[in-house]
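[1] Quick check, what structure comes out for this input:
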Amino acid sequence: MRIYKRKKRWLHIFFFAGIIFSPILSYFHWVLKPKKTIDIIIIDKTVANKQKNEHASFNWLLHNLKIVRKNNRALYSIDDYYGFFPQKNEEFFVSDFEKLGPEELGKILKKNQMIYITDSYGVYNNEWYQHKLISERSGLLYGGLTNMEVNILKQYKESKKLIISEFNSIGSPTPKEVRNNFEKLFNLKWTGWVGRYFDNLSEANTELPLWLVKNYKRQHNYKWPFKKSGIAFVNENDQIEILDEGKDLAKVVPEIVTKKQTAEQLRLPEVISYPYWFDILQIDSTNTPLSIYHISATARGDSIMKRNGIPTTFPAVIEHYENDYKFYYFAGDFADNNISRNWSHFSGFPSIKSFFSSLKNGDRENFYWNYYYPLMSDILERYHDGLQTSRR
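    I've put the predicted structure just below:
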């Protein structure tokens with residue numbers, strides 16, 4: 001009996017020692033990891049607050065992987081991006097490429113080896129000026145992709161530098177001419193449709209945009225019959241279609257599906273729920289769909305989608321990683337995630353978060369740790385290794 005109690009006590013001691021010392025060991029393991037150098041241009045035009053959610057999760061990943069700039073070897077700052085910069089008392093400033101002279105722009109483009117457009121949707125008056133209603137539409141304050149930026153992407157494509165872009169890079173408010181140039185450059189086509197899952201379609205839900213409800217009512221006999229969850233589809237011409245839980249959807253949350261071989265290679269789940277904004281694109285044979293969206297519609301839901309030219313399967317991640325150029329398009333608001341800035345300097349933390357967040361399949365945190373993080377890590381590490389090889 002005494003021996004059993006002694007063993008039990010030692011087990012408790014080892015257990016609590018593990019809890020205490022694991023974070024310390026994890027931190028020192030991160031400290032001892034070698035730094036990886038990639039000079040990256042990050043573009044984020046949708047920064048309406050200091051959290052900078054549209055690129056903060058990418059910044060966390062760069063810290064965790066110890067990816068730094070070549071010259072100063074410092075970790076990327078949350079303010080190390082081009083776009084909209086919020087200040088106090090409704091003040092702001094813009095730092096982008098539009099006002100740069102050819103010489104200064106040339107230096108920036110030559111120095112950097114990669115570009116990532118996390119969001120170009122922009123900031124609107126109702127989001128920025130506090131007396132406005134945030135869920136209603138208003139005039140654009142700043143945003144949209146420009147022809148100069150597409151020309152920069154063209155230079156990077158020709159230089160075989162890595163380009164990553166995601167929703168919303170080419171939808172509204174990007175001008176149609178600019179969008180067409182982007183589509184021709186990368187051999188893809190936006191259908192004009194975007195969508196989003198809402199866990200509550202009741203008009204009482206403050207996350208439900210007022211313009212979405214108003215437009216649907218105007219187009220559907222001024223009725224809004226939705227109380228549960230569902231998927232809203234929005235066309236660039238303001239047409240709204242809603243798929244309702246139960247009636248129109250067999251599985252209410254859109255799923256991202258990855259072939260088994262690709263999933264194993266990239267450490268991705270074969271199926272994962274994606275509960276946020278996405279856009280619907282078409283691609284040609286020069287691009288590879290690494291993963292696809294699948295909308296599980298009922299017969300009624302399928303008829304609504306077919307009637308409006310909305311497919312039930314479409315690309316989620318588009319890849320062209322060849323000798324001629326290197327390009328990815330994420331057809332969803334993947335980087336927009338409210339990830340805490342803490343714990344990025346601890347090795348193994350993503351694995352812990354991946355395990356615990358997987359218990360909550362269907363939320364954005366689970367998507368970040370089990371899909372976005374491993375996918376982006378693989379892309380960056382593979383590209384870094386290629387840069388190292390080319391330097392030898």
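[2] wait, what's in contact with Leu145?
    Ile117, Ser120, Ser169, Ile170, Thr174, Val178, Arg179, Phe182 (CB atoms under 8 Å, 6 or more residues apart in numbering). Yep, even glycine has a C-beta here, placed from its N, CA and C like the rest.
[3] Find the nearest non-adjacent residue to the residue nearest the centre of the chain, please.
    Centrality entry for the chain: nearest residue to the mean C-alpha point is Phe334, 1.9 Å, by CA atoms, centre = their mean. Among residues not flanking Phe334 along the chain, Tyr372 sits closest, at 5.0 Å (CB to CB, 6 or more residues apart in numbering).
[4] and the one you found, how far is that from Val271?
    Distance from Tyr372 to Val271, counting by CB to CB, to the nearest Å: 15 Å.
[5] same thing with Gln219?
    Relative to Val271, and taking CB to CB, Gln219 is found at 33 Å.
[6] Next, count neighbours for Ile41.
    Applying the criterion other CB atoms under 10 Å, we find 22 residues in the vicinity of Ile41.
[7] what's the distance between it and Ser340?
    Per CB to CB, Ile41 is found 25 Å from Ser340.
[8] Could you do Gly301 as well?
    From Gly301 to Ser340 the distance is 37 Å (CB to CB).
[9] the more surrounded of the two?
    Gly301 (23 against 9).
[10] For the residue lying closest to that one once chain neighbours are set aside, which residues are in contact?
    Closest residue to Gly301 apart from its sequence neighbours, by CB to CB, 6+ apart: Asp248 at 3.2 Å. For Asp248, the contact set (CB under 8 Å, 6+ apart) comprises Gly230, Ile242, Ala297, Thr298, Arg300, Gly301, Ile304.
[11] what are the ranges of the strands in the stretch 151-300 of the chain?
    Secondary structure of the stretch 151-300 of the chain (DSSP state E, counting those that start in this stretch): strands at 162-166, 188-198, 230-235, 240-244, 255-257, 271-273, 278-283, 288-294.
[12] Tell me which of those sits most buried.
    Highest mean neighbour count of these: strand 162-166, a mean of 24 (counted as mean count of other CB atoms under 10 Å).
[13] so where's this structure shaky on pLDDT?
    Residue ranges of the chain with pLDDT under 70: 1-21, 130-138, 359, 391-392.
[14] Show me where it has its helices.
    When secondary structure is read from DSSP state H, the chain shows helices at 2-32, 53-65, 102-111, 125-128, 147-158, 176-186, 210-219, 260-266, 299-307, 349-357, 364-367, 373-391.
[15] now for those, which one comes closest to Leu281?
    Comparing the helices of the chain by their distance to Leu281 (CB to CB), the top pick is helix 176-186, with 8.8 Å.
[16] Report the buried residues of that closest one.
    Residues of helix 176-186 classed as buried under the neighbour-count rule (16 or more other CB atoms under 10 Å) are Val178, Arg179, Asn181, Phe182, Glu183, Leu185, Phe186.
[17] Please apply the same query to stretch 333-340.
    Using 16+ other CB under 10 Å as the test for burial, stretch 333-340 gives Asp333, Phe334, Ala335, Asp336, Asn337, Ile339.
[18] centre of the chain versus it, how much separation?
    Distance of stretch 333-340 from the chain centroid (CA atoms, centre = their mean, to the nearest Å) equals 7 Å.
[19] Show me the contact partners of it.
    Here stretch 333-340 makes contact (CB under 8 Å, 6+ apart) with 51, 53-58, 60, 118-119, 166-168, 276-278, 364-365, 367-368, 371-372.
[20] what's Asn200 in contact with, if anything?
    With CB under 8 Å, 6+ apart, Asn200 has these contacts: Glu207, Leu208, Lys228, Ser229.
[21] of the residues you listed, closest to Ile78?
    Nearest to Ile78 out of the contacts of Asn200 is Glu207 (CB to CB; 24.6 Å).
[22] Show me what the residue lying closest to the closest one once chain neighbours are set aside is bridged to.
    Of all residues not flanking Glu207 in the chain, Phe198 sits nearest, at 6.9 Å (CB to CB, 6+ apart). Beta-bridge pairing for Phe198 (DSSP bridges): Gly230.
[23] you'd agree Phe198 is up against Leu212?
    No. When contacts are counted by CB atoms under 8 Å, Phe198 is not listed as touching Leu212 (9.2 Å).
[24] what touches both of the two?
    Ala232.
[25] before we move on, the earlier item: so which of the contacts of Leu145 is the closest to Asp284?
    Nearest to Asp284 among those is Phe182, at 14.5 Å by CB to CB.
[26] Pretty sure Val257 sits against Ser273.
    No. In this structure, Val257 is not within contact of Ser273 by CB under 8 Å, at 10.8 Å.
[27] burial of Phe330, as a residue count?
    Phe330 has 26 neighbouring residues, counting by other CB under 10 Å.
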